[in-house]
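In: show me how the following folds:
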Amino acid sequence: MSRIGKKPVALPKGVTASVEGRTVKVKGPKGELKVTLVAEVDASVGADGVTLTPRKDMERAAAMWGLSRSLVNNLVVGVTAGFTSKLEIQGVGYRAAVQGKNLNLQLGFSHDVAYPIPAGIAITAEKPTMLTITGIDKQLVGQVAAEIRSYRPPEPYKGKGVRYVGEYVRRKEGKKK
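Out: Numbers count the residues shown, from 1 in each chain. The predicted structure follows:
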């Protein structure tokens, strides 16, 4: 049995949830999000919040129970507080700037990389080497951060590239003479 799935998702003040079939919609001060649950899990809204229960006594139902509860909890956290991801850029001449609806990255290529900022995401460049990605959808925030990082992942010899704040990059020793 899932320990996470047993706990109902609490709804703070100003947040409403509704269940239509397999779709759970959550509306809050920052916006509205929805998720479609798998067929093995049922959801219901009660006085204590959104409660999820497995439909059948199957292994897949037990596995999806905790996942579904986490997805619904991410919706509630997203519409109340939102999610942020921070990236830092290291390397001589590497920098980023937000220009309109594009993120302009200079990462040591012969050309600048223009990354179009998706809807629902806000990117700010506090310094030319620090990016903050914010939004209400946890999956989208993580996806955008991963895509920006994939343009120039940190390399192990000099440590140059785009990395998450606090990410440890294992450094290797260079060539010896």
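In: gap between the two ends of stretch 166-177?
Out: 33 Å (C-alpha to C-alpha, to the nearest Å).
In: what's next to that stretch, contact-wise?
Out: Stretch 166-177 is contacted by residues 154, 156-157, 159, 163 when judged by C-beta atoms under 8 Å, 6 or more residues apart in numbering. No exception for glycine: its C-beta is placed from N, CA and C like everyone else's.
In: next one: stretch 133-140
Out: 30-31, 33, 74, 77-79, 82-87, 118, 120-124, 141, 144-145, 148.
In: residue boundaries of the strands in the chain?
Out: 16-20, 23-28, 31-36, 41-46, 49-54, 83-90, 95-99, 102-106, 113-116, 121-127, 130-135, 161-164 (DSSP state E).
In: including mean pLDDT and distance to E173, could the ones you listed go into a markdown table?
Out: Below are the strands of the chain laid out as a markdown table (pLDDT from 0 to 100; distance: least, C-beta to C-beta, whole Å):
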| stretch | mean pLDDT | distance to E173 |
| --- | --- | --- |
| strand 16-20 | 91 | 54 |
| strand 23-28 | 92 | 50 |
| strand 31-36 | 92 | 47 |
| strand 41-46 | 89 | 50 |
| strand 49-54 | 90 | 50 |
| strand 83-90 | 95 | 19 |
| strand 95-99 | 93 | 28 |
| strand 102-106 | 94 | 29 |
| strand 113-116 | 94 | 30 |
| strand 121-127 | 93 | 30 |
| strand 130-135 | 95 | 29 |
| strand 161-164 | 94 | 18 |
